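Chemist: quick one: sequence and predicted model below, then my questions.
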Amino acid sequence: MPSVHSLTMTYDLLNDSGTFSEGDPLVGKVTLVLLKEITVESLFVKAKGDSSVRWTEKSGDRDTTYSAAKRYFKQKQFLIAENAKGAVLPRGTHVFNFRINIPSGSMPPSFKGNYGKIVYVLEAKLTRSWRMDCTDEKKICFVSKAIPNPQSLMLSQTGSTDKEIGIFGKRKVDMDVFVDKRAYAPGETVVVLAKINNASSSNMTPKVTLIQDVLYRAQHHKKQQRTTIFKVSDHCINAKTQKDVKWAIKLPRDLTQTIQNCEIITLEYCLKVYLDISFSFDPEVIFPVVIIPPDLAHGPQPGVAAGPYPARAIGGPSNSDFPPPAVAMGPYPAGAYGGPSNIDFPPPAVPVGPYAYGQPGSYSAPPPAYPAQPAHVSQRYNNPVPQAVSPYGDPHTAPSSTLHPPPPAPTFHPPPSAPEIQPPPFSQAFNMSPSAPVYNMLPSAPMANTDFLSQSDEAPPAYALLFPPSANERSDAK
(Lines give C-alpha, C1' and ligand atoms only; values in the text may rest on other atoms or scores of the structure.)
Protein backbone atom coordinates (compact mmCIF):
# COMPACT_ATOMS: atom_id res chain seq x y z
CA MET A 1 0.00 0.00 0.00
CA PRO A 2 1.57 3.35 -1.03
CA SER A 3 2.18 5.98 1.60
CA VAL A 4 1.49 9.03 -0.66
CA HIS A 5 -2.00 9.15 -2.08
CA SER A 6 -1.58 12.33 -4.17
CA LEU A 7 0.56 15.42 -4.69
CA THR A 8 -1.21 18.23 -6.51
CA MET A 9 -0.28 21.83 -7.21
CA THR A 10 -2.52 24.76 -8.18
CA TYR A 11 -1.78 28.43 -8.84
CA ASP A 12 -3.86 31.58 -9.14
CA LEU A 13 -4.58 33.22 -12.50
CA LEU A 14 -3.91 36.92 -12.97
CA ASN A 15 -6.24 37.50 -15.94
CA ASP A 16 -8.94 35.84 -18.01
CA SER A 17 -6.47 34.55 -20.58
CA GLY A 18 -4.33 32.82 -17.91
CA THR A 19 -1.07 34.39 -19.06
CA PHE A 20 1.94 35.64 -17.13
CA SER A 21 4.64 38.16 -18.01
CA GLU A 22 7.90 39.57 -16.70
CA GLY A 23 7.70 40.50 -13.01
CA ASP A 24 4.38 38.72 -12.31
CA PRO A 25 3.97 36.63 -9.13
CA LEU A 26 3.19 32.91 -9.16
CA VAL A 27 1.00 32.31 -6.12
CA GLY A 28 -0.51 28.93 -5.32
CA LYS A 29 -0.56 25.94 -3.02
CA VAL A 30 0.65 22.35 -2.90
CA THR A 31 -1.67 19.70 -1.44
CA LEU A 32 -0.12 16.50 -0.12
CA VAL A 33 -2.44 13.64 0.90
CA LEU A 34 -0.78 10.88 2.97
CA LEU A 35 -2.24 7.49 3.81
CA LYS A 36 0.28 6.96 6.59
CA GLU A 37 3.17 8.70 8.29
CA ILE A 38 6.26 9.35 6.12
CA THR A 39 9.71 10.86 6.46
CA VAL A 40 10.39 13.62 3.93
CA GLU A 41 13.82 14.82 2.84
CA SER A 42 12.50 17.93 1.05
CA LEU A 43 9.44 19.45 -0.55
CA PHE A 44 9.89 22.41 -2.88
CA VAL A 45 8.34 24.33 -5.78
CA LYS A 46 10.49 25.29 -8.75
CA ALA A 47 9.78 27.71 -11.62
CA LYS A 48 11.98 27.88 -14.70
CA GLY A 49 12.05 29.09 -18.28
CA ASP A 50 14.07 27.42 -21.04
CA SER A 51 14.38 27.41 -24.82
CA SER A 52 15.90 24.69 -27.00
CA VAL A 53 16.30 23.83 -30.68
CA ARG A 54 17.27 20.60 -32.42
CA TRP A 55 17.26 19.39 -36.01
CA THR A 56 19.14 16.93 -38.23
CA GLU A 57 20.53 17.59 -41.70
CA LYS A 58 21.52 14.87 -44.11
CA SER A 59 24.65 15.32 -46.22
CA GLY A 60 25.28 12.27 -48.38
CA ASP A 61 25.42 9.23 -46.11
CA ARG A 62 26.09 11.29 -43.01
CA ASP A 63 23.52 12.81 -40.66
CA THR A 64 24.48 15.87 -38.61
CA THR A 65 22.45 16.99 -35.63
CA TYR A 66 22.47 20.60 -34.48
CA SER A 67 21.16 21.61 -31.07
CA ALA A 68 21.26 24.55 -28.66
CA ALA A 69 19.62 25.52 -25.37
CA LYS A 70 19.14 28.70 -23.39
CA ARG A 71 17.93 29.15 -19.80
CA TYR A 72 16.22 32.40 -18.79
CA PHE A 73 15.56 31.87 -15.08
CA LYS A 74 15.22 29.21 -12.39
CA GLN A 75 13.83 29.88 -8.93
CA LYS A 76 13.11 27.44 -6.12
CA GLN A 77 11.16 27.77 -2.89
CA PHE A 78 11.41 25.08 -0.20
CA LEU A 79 8.18 24.19 1.56
CA ILE A 80 10.03 21.66 3.71
CA ALA A 81 13.70 22.49 4.04
CA GLU A 82 16.30 19.98 2.92
CA ASN A 83 17.30 17.67 5.77
CA ALA A 84 19.33 14.48 5.44
CA LYS A 85 17.61 13.04 8.50
CA GLY A 86 14.20 13.98 7.18
CA ALA A 87 11.06 15.53 8.59
CA VAL A 88 8.17 13.39 9.80
CA LEU A 89 4.70 14.14 8.37
CA PRO A 90 1.69 12.41 9.93
CA ARG A 91 -1.15 10.83 8.03
CA GLY A 92 -3.72 13.20 6.54
CA THR A 93 -3.92 16.17 4.18
CA HIS A 94 -1.19 18.80 4.24
CA VAL A 95 -1.48 22.13 2.36
CA PHE A 96 1.56 24.35 1.69
CA ASN A 97 1.35 27.86 0.23
CA PHE A 98 4.02 29.27 -2.05
CA ARG A 99 4.85 32.47 -3.92
CA ILE A 100 7.51 32.84 -6.61
CA ASN A 101 8.11 36.06 -8.57
CA ILE A 102 9.03 35.84 -12.24
CA PRO A 103 12.17 37.95 -12.79
CA SER A 104 11.95 41.23 -14.61
CA GLY A 105 13.73 41.77 -17.88
CA SER A 106 13.19 40.78 -21.49
CA MET A 107 12.22 37.13 -21.99
CA PRO A 108 10.62 35.52 -25.08
CA PRO A 109 7.04 34.21 -25.04
CA SER A 110 6.00 30.57 -24.94
CA PHE A 111 6.41 28.79 -28.27
CA LYS A 112 6.40 25.30 -29.75
CA GLY A 113 7.60 24.59 -33.28
CA ASN A 114 8.84 21.72 -35.39
CA TYR A 115 12.50 22.24 -34.48
CA GLY A 116 12.41 24.12 -31.17
CA LYS A 117 10.38 25.36 -28.25
CA ILE A 118 10.26 27.95 -25.46
CA VAL A 119 8.72 26.52 -22.29
CA TYR A 120 7.96 27.96 -18.84
CA VAL A 121 7.26 25.33 -16.17
CA LEU A 122 6.10 25.32 -12.54
CA GLU A 123 6.99 22.08 -10.73
CA ALA A 124 6.38 20.68 -7.21
CA LYS A 125 8.61 17.81 -6.03
CA LEU A 126 8.58 15.59 -2.94
CA THR A 127 11.81 13.70 -2.22
CA ARG A 128 12.24 10.77 0.20
CA SER A 129 15.10 8.43 0.99
CA TRP A 130 15.01 5.20 -0.97
CA ARG A 131 11.74 6.16 -2.61
CA MET A 132 10.72 7.48 -6.01
CA ASP A 133 10.21 11.24 -6.18
CA CYS A 134 6.65 12.51 -6.41
CA THR A 135 6.22 15.42 -8.82
CA ASP A 136 3.49 17.57 -10.28
CA GLU A 137 4.37 19.79 -13.23
CA LYS A 138 2.33 22.48 -14.96
CA LYS A 139 3.22 24.63 -17.96
CA ILE A 140 2.80 28.39 -17.74
CA CYS A 141 1.51 30.40 -20.71
CA PHE A 142 4.04 33.21 -20.84
CA VAL A 143 3.65 36.35 -22.99
CA SER A 144 6.41 38.90 -23.31
CA LYS A 145 5.65 42.57 -22.72
CA ALA A 146 9.23 43.65 -23.36
CA ILE A 147 8.31 45.43 -26.60
CA PRO A 148 10.35 48.56 -27.38
CA ASN A 149 8.19 51.64 -28.03
CA PRO A 150 4.83 49.88 -28.50
CA GLN A 151 3.05 53.15 -29.37
CA SER A 152 5.07 53.44 -32.57
CA LEU A 153 3.67 50.09 -33.70
CA MET A 154 0.19 51.65 -33.94
CA LEU A 155 1.22 53.86 -36.87
CA SER A 156 -0.06 53.22 -40.37
CA GLN A 157 2.06 51.82 -43.19
CA THR A 158 2.09 52.79 -46.85
CA GLY A 159 3.87 51.37 -49.88
CA SER A 160 3.72 51.39 -53.65
CA THR A 161 4.98 49.41 -56.61
CA ASP A 162 4.83 49.58 -60.40
CA LYS A 163 5.70 47.24 -63.24
CA GLU A 164 5.85 47.45 -67.02
CA ILE A 165 4.05 44.62 -68.80
CA GLY A 166 4.23 43.73 -72.46
CA ILE A 167 6.75 42.83 -75.14
CA PHE A 168 6.19 45.22 -78.03
CA GLY A 169 4.19 47.98 -76.41
CA LYS A 170 4.86 48.05 -72.67
CA ARG A 171 2.22 49.42 -70.35
CA LYS A 172 2.70 50.21 -66.66
CA VAL A 173 0.75 48.84 -63.71
CA ASP A 174 0.72 50.95 -60.52
CA MET A 175 -0.42 49.93 -57.04
CA ASP A 176 -0.49 52.05 -53.86
CA VAL A 177 -1.20 50.17 -50.61
CA PHE A 178 -2.20 51.41 -47.15
CA VAL A 179 -2.27 49.27 -43.95
CA ASP A 180 -3.94 50.75 -40.88
CA LYS A 181 -1.14 49.88 -38.41
CA ARG A 182 1.85 47.64 -37.74
CA ALA A 183 1.00 45.67 -34.56
CA TYR A 184 -2.04 43.49 -33.96
CA ALA A 185 -3.31 41.15 -31.29
CA PRO A 186 -4.61 37.67 -32.18
CA GLY A 187 -8.24 37.98 -33.33
CA GLU A 188 -7.94 41.62 -34.44
CA THR A 189 -8.93 42.87 -37.90
CA VAL A 190 -6.34 44.03 -40.43
CA VAL A 191 -7.53 46.79 -42.78
CA VAL A 192 -5.76 46.95 -46.16
CA LEU A 193 -6.54 49.52 -48.87
CA ALA A 194 -5.09 49.22 -52.39
CA LYS A 195 -5.44 51.67 -55.29
CA ILE A 196 -4.66 49.85 -58.55
CA ASN A 197 -4.19 51.41 -61.99
CA ASN A 198 -4.02 48.70 -64.66
CA ALA A 199 -2.92 50.50 -67.82
CA SER A 200 -1.78 47.24 -69.45
CA SER A 201 -3.64 44.81 -71.68
CA SER A 202 -3.52 41.97 -69.11
CA ASN A 203 -6.03 40.98 -66.46
CA MET A 204 -4.83 40.63 -62.88
CA THR A 205 -6.13 39.63 -59.45
CA PRO A 206 -5.16 41.48 -56.23
CA LYS A 207 -4.30 39.21 -53.30
CA VAL A 208 -3.17 39.50 -49.66
CA THR A 209 -1.10 36.88 -47.82
CA LEU A 210 0.10 36.69 -44.21
CA ILE A 211 3.36 34.75 -43.87
CA GLN A 212 4.96 33.40 -40.68
CA ASP A 213 8.74 33.00 -40.78
CA VAL A 214 10.51 31.00 -38.02
CA LEU A 215 14.30 30.85 -37.88
CA TYR A 216 16.18 28.36 -35.64
CA ARG A 217 19.88 28.83 -34.82
CA ALA A 218 22.38 26.34 -33.41
CA GLN A 219 26.15 25.98 -33.73
CA HIS A 220 26.41 28.72 -36.39
CA HIS A 221 23.79 26.99 -38.54
CA LYS A 222 20.24 28.04 -39.35
CA LYS A 223 17.01 26.25 -40.09
CA GLN A 224 14.13 28.23 -41.62
CA GLN A 225 10.46 27.32 -41.65
CA ARG A 226 7.97 29.47 -43.59
CA THR A 227 4.20 29.05 -43.29
CA THR A 228 1.31 30.85 -45.01
CA ILE A 229 -1.27 31.77 -42.37
CA PHE A 230 -3.97 32.88 -44.82
CA LYS A 231 -4.47 34.12 -48.38
CA VAL A 232 -7.39 36.24 -49.60
CA SER A 233 -8.11 37.61 -53.08
CA ASP A 234 -10.47 40.08 -54.72
CA HIS A 235 -12.25 40.18 -58.06
CA CYS A 236 -10.22 40.29 -61.25
CA ILE A 237 -9.20 43.71 -62.56
CA ASN A 238 -9.65 43.97 -66.30
CA ALA A 239 -7.20 45.59 -68.68
CA LYS A 240 -7.02 49.40 -68.84
CA THR A 241 -9.11 49.95 -65.71
CA GLN A 242 -8.62 51.49 -62.28
CA LYS A 243 -9.99 50.07 -59.05
CA ASP A 244 -9.82 50.66 -55.31
CA VAL A 245 -9.79 47.45 -53.25
CA LYS A 246 -10.39 47.16 -49.50
CA TRP A 247 -9.85 44.11 -47.28
CA ALA A 248 -10.88 43.69 -43.64
CA ILE A 249 -9.19 40.47 -42.55
CA LYS A 250 -9.63 38.97 -39.09
CA LEU A 251 -6.51 37.33 -37.71
CA PRO A 252 -6.66 33.84 -36.16
CA ARG A 253 -6.92 33.77 -32.38
CA ASP A 254 -4.19 31.16 -31.99
CA LEU A 255 -1.39 33.23 -33.55
CA THR A 256 1.91 33.03 -31.69
CA GLN A 257 3.41 36.28 -30.50
CA THR A 258 6.30 37.73 -32.45
CA ILE A 259 9.66 36.58 -31.02
CA GLN A 260 12.65 38.86 -31.44
CA ASN A 261 14.34 38.64 -28.04
CA CYS A 262 15.53 35.03 -28.21
CA GLU A 263 19.05 34.11 -29.30
CA ILE A 264 18.17 30.75 -30.88
CA ILE A 265 14.55 31.22 -32.11
CA THR A 266 13.13 34.12 -34.12
CA LEU A 267 9.49 34.35 -35.21
CA GLU A 268 8.31 37.14 -37.50
CA TYR A 269 5.32 37.94 -39.71
CA CYS A 270 4.93 39.83 -42.97
CA LEU A 271 1.87 40.95 -44.92
CA LYS A 272 2.33 40.63 -48.69
CA VAL A 273 -0.02 42.52 -51.04
CA TYR A 274 0.50 41.62 -54.69
CA LEU A 275 -1.11 41.43 -58.14
CA ASP A 276 -1.41 37.93 -59.58
CA ILE A 277 -0.61 38.29 -63.31
CA SER A 278 -0.41 35.30 -65.62
CA PHE A 279 2.94 34.69 -67.37
CA SER A 280 4.60 37.58 -65.55
CA PHE A 281 6.35 38.39 -62.32
CA ASP A 282 3.86 39.63 -59.74
CA PRO A 283 4.38 43.19 -58.43
CA GLU A 284 4.18 43.12 -54.63
CA VAL A 285 4.46 45.27 -51.52
CA ILE A 286 5.61 43.66 -48.23
CA PHE A 287 4.78 45.10 -44.80
CA PRO A 288 6.20 43.86 -41.47
CA VAL A 289 3.51 42.81 -38.98
CA VAL A 290 4.02 42.38 -35.24
CA ILE A 291 1.75 40.16 -33.11
CA ILE A 292 1.59 41.49 -29.54
CA PRO A 293 -0.43 40.62 -26.39
CA PRO A 294 -4.06 41.82 -26.42
CA ASP A 295 -3.65 44.24 -23.52
CA LEU A 296 -0.92 46.11 -25.44
CA ALA A 297 -2.98 46.35 -28.62
CA HIS A 298 -5.99 48.17 -27.15
CA GLY A 299 -5.82 51.82 -28.13
CA PRO A 300 -7.86 54.74 -26.77
CA GLN A 301 -11.61 54.56 -27.33
CA PRO A 302 -13.30 57.24 -29.47
CA GLY A 303 -14.41 60.24 -27.46
CA VAL A 304 -12.56 59.13 -24.33
CA ALA A 305 -9.63 61.14 -23.05
CA ALA A 306 -6.36 59.22 -22.87
CA GLY A 307 -4.08 60.30 -20.06
CA PRO A 308 -3.75 64.05 -19.43
CA TYR A 309 -4.70 64.90 -23.01
CA PRO A 310 -8.32 65.29 -24.15
CA ALA A 311 -9.44 63.38 -27.23
CA ARG A 312 -8.05 64.81 -30.48
CA ALA A 313 -5.73 67.19 -28.62
CA ILE A 314 -2.55 68.28 -30.34
CA GLY A 315 0.32 66.17 -29.08
CA GLY A 316 -1.99 63.68 -27.38
CA PRO A 317 -2.93 60.14 -28.42
CA SER A 318 -4.93 59.70 -31.59
CA ASN A 319 -8.29 57.97 -31.91
CA SER A 320 -8.05 57.48 -35.65
CA ASP A 321 -6.06 54.98 -37.68
CA PHE A 322 -5.89 57.33 -40.68
CA PRO A 323 -3.70 60.45 -40.73
CA PRO A 324 -5.56 63.74 -41.41
CA PRO A 325 -4.50 65.97 -44.34
CA ALA A 326 -1.61 68.29 -43.62
CA VAL A 327 -2.83 71.87 -43.02
CA ALA A 328 -0.55 74.72 -42.05
CA MET A 329 -1.49 76.34 -38.76
CA GLY A 330 -0.39 79.79 -37.69
CA PRO A 331 3.14 80.95 -38.43
CA TYR A 332 4.53 77.39 -38.40
CA PRO A 333 4.56 75.10 -41.45
CA ALA A 334 2.73 71.80 -41.21
CA GLY A 335 4.72 69.30 -39.17
CA ALA A 336 7.34 71.81 -38.02
CA TYR A 337 9.19 70.70 -34.90
CA GLY A 338 8.45 72.83 -31.88
CA GLY A 339 5.31 74.31 -33.41
CA PRO A 340 1.69 73.15 -33.35
CA SER A 341 1.18 69.89 -35.22
CA ASN A 342 -1.95 68.89 -37.11
CA ILE A 343 -1.05 65.19 -37.22
CA ASP A 344 -2.12 63.01 -34.31
CA PHE A 345 0.89 60.74 -34.45
CA PRO A 346 4.51 60.81 -35.69
CA PRO A 347 5.45 59.42 -39.14
CA PRO A 348 5.66 55.61 -39.56
CA ALA A 349 8.78 53.89 -38.29
CA VAL A 350 11.28 52.43 -40.74
CA PRO A 351 11.38 48.63 -40.44
CA VAL A 352 14.67 47.02 -39.52
CA GLY A 353 15.47 43.82 -41.36
CA PRO A 354 13.12 42.01 -43.75
CA TYR A 355 10.24 41.54 -41.33
CA ALA A 356 11.52 43.09 -38.10
CA TYR A 357 9.61 45.93 -36.56
CA GLY A 358 11.83 48.88 -36.14
CA GLN A 359 12.05 51.67 -33.63
CA PRO A 360 11.43 55.16 -34.82
CA GLY A 361 13.51 57.88 -33.39
CA SER A 362 12.78 57.99 -29.69
CA TYR A 363 13.33 61.32 -27.96
CA SER A 364 15.12 61.47 -24.65
CA ALA A 365 12.99 64.43 -23.59
CA PRO A 366 9.55 65.74 -24.62
CA PRO A 367 9.43 68.53 -27.20
CA PRO A 368 9.49 72.10 -25.88
CA ALA A 369 6.26 73.65 -24.72
CA TYR A 370 4.33 75.36 -27.47
CA PRO A 371 3.59 79.11 -27.30
CA ALA A 372 0.03 80.22 -26.73
CA GLN A 373 -2.06 79.93 -29.87
CA PRO A 374 -3.43 83.13 -31.42
CA ALA A 375 -7.08 83.92 -30.98
CA HIS A 376 -7.98 83.23 -34.62
CA VAL A 377 -6.27 79.84 -34.45
CA SER A 378 -7.79 78.75 -31.14
CA GLN A 379 -11.27 79.65 -32.42
CA ARG A 380 -10.97 77.53 -35.55
CA TYR A 381 -9.06 74.62 -34.06
CA ASN A 382 -10.24 73.65 -30.62
CA ASN A 383 -7.02 71.80 -29.76
CA PRO A 384 -5.59 72.74 -26.36
CA VAL A 385 -1.85 72.83 -25.93
CA PRO A 386 -0.48 69.83 -23.93
CA GLN A 387 1.00 70.72 -20.60
CA ALA A 388 4.37 69.53 -19.37
CA VAL A 389 4.26 66.32 -17.31
CA SER A 390 4.58 66.97 -13.60
CA PRO A 391 7.55 65.16 -11.97
CA TYR A 392 5.28 64.27 -9.02
CA GLY A 393 2.60 62.37 -10.99
CA ASP A 394 -0.77 63.20 -12.45
CA PRO A 395 -2.62 65.80 -10.30
CA HIS A 396 -5.98 64.29 -11.34
CA THR A 397 -5.26 60.86 -9.87
CA ALA A 398 -5.93 59.99 -6.24
CA PRO A 399 -3.04 60.86 -3.94
CA SER A 400 -0.98 58.05 -2.50
CA SER A 401 -0.85 57.33 1.19
CA THR A 402 2.66 58.77 1.47
CA LEU A 403 3.41 62.21 0.11
CA HIS A 404 6.98 63.13 -0.67
CA PRO A 405 7.86 66.84 -0.53
CA PRO A 406 9.47 68.25 -3.65
CA PRO A 407 13.26 68.45 -3.64
CA PRO A 408 14.70 71.81 -2.55
CA ALA A 409 15.81 74.14 -5.27
CA PRO A 410 19.58 74.10 -5.81
CA THR A 411 21.54 77.09 -4.58
CA PHE A 412 23.72 78.74 -7.18
CA HIS A 413 26.77 80.72 -6.09
CA PRO A 414 28.03 83.27 -8.59
CA PRO A 415 31.66 82.78 -9.58
CA PRO A 416 34.20 85.26 -8.15
CA SER A 417 34.69 88.26 -10.33
CA ALA A 418 37.99 88.56 -12.13
CA PRO A 419 40.37 91.36 -10.99
CA GLU A 420 40.06 94.51 -13.00
CA ILE A 421 43.02 94.96 -15.31
CA GLN A 422 43.96 98.46 -16.43
CA PRO A 423 44.83 98.47 -20.11
CA PRO A 424 48.21 99.96 -21.01
CA PRO A 425 48.42 103.22 -22.96
CA PHE A 426 47.53 102.97 -26.57
CA SER A 427 51.05 103.76 -27.71
CA GLN A 428 52.52 100.99 -25.54
CA ALA A 429 49.90 98.39 -26.33
CA PHE A 430 50.48 98.49 -30.06
CA ASN A 431 53.66 99.05 -32.00
CA MET A 432 52.57 101.54 -34.57
CA SER A 433 54.24 101.24 -37.95
CA PRO A 434 55.65 104.40 -39.59
CA SER A 435 53.05 106.47 -41.29
CA ALA A 436 52.45 105.78 -44.94
CA PRO A 437 53.57 108.41 -47.50
CA VAL A 438 51.01 111.00 -48.48
CA TYR A 439 49.86 110.81 -52.07
CA ASN A 440 48.47 113.80 -53.94
CA MET A 441 44.96 112.84 -54.85
CA LEU A 442 43.31 114.06 -58.01
CA PRO A 443 41.13 117.10 -57.58
CA SER A 444 37.62 116.05 -56.86
CA ALA A 445 34.75 117.31 -58.87
CA PRO A 446 32.63 120.00 -57.28
CA MET A 447 29.44 118.93 -55.63
CA ALA A 448 26.32 119.49 -57.66
CA ASN A 449 23.63 121.35 -55.78
CA THR A 450 20.96 120.80 -58.40
CA ASP A 451 18.60 117.82 -58.22
CA PHE A 452 18.66 116.09 -61.59
CA LEU A 453 15.59 114.03 -60.76
CA SER A 454 13.34 116.96 -59.93
CA GLN A 455 10.22 117.52 -62.04
CA SER A 456 10.86 121.26 -62.55
CA ASP A 457 11.05 122.87 -65.98
CA GLU A 458 14.46 124.42 -65.39
CA ALA A 459 17.21 123.46 -67.80
CA PRO A 460 20.00 121.30 -66.44
CA PRO A 461 23.25 123.13 -65.55
CA ALA A 462 25.90 123.41 -68.21
CA TYR A 463 28.78 120.96 -68.33
CA ALA A 464 31.30 123.73 -68.03
CA LEU A 465 29.70 124.87 -64.83
CA LEU A 466 30.01 121.45 -63.27
CA PHE A 467 33.50 120.64 -64.58
CA PRO A 468 35.48 123.90 -65.21
CA PRO A 469 38.45 123.48 -67.56
CA SER A 470 41.94 123.37 -66.13
CA ALA A 471 44.71 125.88 -66.86
CA ASN A 472 46.28 123.68 -69.54
CA GLU A 473 42.98 123.31 -71.34
CA ARG A 474 42.50 127.09 -71.33
CA SER A 475 45.89 127.63 -72.87
CA ASP A 476 45.16 125.05 -75.55
CA ALA A 477 41.87 126.66 -76.27
CA LYS A 478 43.60 130.02 -76.81
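Modeler: That came through, no problem. Just so it is clear, the structure is predicted and the values come from calculations on it, not from any experiment.
Chemist: rest of the way, CA atoms for contacts and neighbours
Modeler: Fine.
Chemist: tell me the helix or strand right after the helix or strand harbouring residue 46.
Modeler: Assigned by DSSP states H and E, residue 46 belongs to strand 42-59. The C-terminal neighbour of strand 42-59 among helices and strands, as given by DSSP H and E, is strand 62-80.
Chemist: can you pull the pLDDT of the nearest residue to residue 123 once chain neighbours are set aside?
Modeler: Spatially, and ignoring its direct neighbours in sequence, residue 123 is nearest to residue 137 (4.3 Å; CA to CA, 6 or more residues apart in numbering). With respect to pLDDT, residue 137 has a value of 95.
Chemist: mind checking how far residue 137 is from residue 75?
Modeler: Distance, residue 137 to residue 75, by CA to CA, to the nearest Å: 14 Å.
Chemist: just checking, residue 151 is part of a helix?
Modeler: Yes. Read with DSSP: H, G, I helix; E, B strand; the rest coil, residue 151 is one of the residues of a helix.
Chemist: burial count for it?
Modeler: Residue 151: 14 surrounding residues under other CA atoms under 10 Å.
Chemist: for it, give me its contacts.
Modeler: The contact partners of residue 151, by CA atoms under 8 Å, 6 or more residues apart in numbering, come to none.
Chemist: can you tell me how far the residue lying closest to residue 70 once chain neighbours are set aside is from residue 63?
Modeler: Distances taken as CA to CA, 6+ apart place residue 51 nearest to residue 70, at 5.1 Å, with adjacent residues excluded. Distance, residue 51 to residue 63, by CA to CA: 23 Å.
Chemist: neighbour-wise, which of the two wins?
Modeler: Comparing residue 51 with residue 63 by other CA under 10 Å, the one with more neighbours is residue 51, at 22 against 9.
Chemist: ok, the more buried one touching residue 119?
Modeler: Yes. At 6.3 Å, residue 51 and residue 119 qualify as touching, with contact defined as CA atoms under 8 Å.
Chemist: tell me which stretches of the stretch 201-350 of the chain form helices.
Modeler: Ranges of helices in the stretch 201-350 of the chain, per DSSP state H, counting those that start in this stretch, are 294-297.
Chemist: shaky segments in it?
Modeler: Scanning the stretch 201-350 of the chain for pLDDT under 70 picks out 297-350.
Chemist: tally of neighbours for the closest residue to residue 199 other than its chain neighbours?
Modeler: Spatial nearest neighbour of residue 199, chain neighbours left out: residue 240 (4.4 Å); criterion: CA to CA, 6+ apart. Neighbours of residue 240 under the rule other CA under 10 Å: 15.
Chemist: with residue 110 instead?
Modeler: For residue 110, the neighbour count with other CA under 10 Å is 22.
Chemist: check residue 224 too.
Modeler: Each residue near residue 224 was counted by other CA under 10 Å, and the total is 12.
Chemist: what do you get for residue 165?
Modeler: By other CA under 10 Å, 19 other residues sit near residue 165.
Chemist: give me every residue that touches it.
Modeler: 171, 172, 173, 200, 280.
Chemist: repeat that for residue 97.
Modeler: 27, 28, 29, 30, 79 are the contacts of residue 97 under CA under 8 Å, 6+ apart.
Chemist: what about 7 Å?
Modeler: Residue 97 makes contact with 28, 29, 30, according to CA atoms under 7 Å, 6 or more residues apart in numbering.
Chemist: try residue 196
Modeler: Counting by CA under 7 Å, 6+ apart, residue 196 has contacts 174, 175, 176, 242, 243, 244.
Chemist: returning to what we had before: just the buried members of the contacts of residue 165?
Modeler: Neighbour counting with 16 or more other CA atoms under 10 Å marks 171, 173, 200 as buried within the contacts of residue 165.
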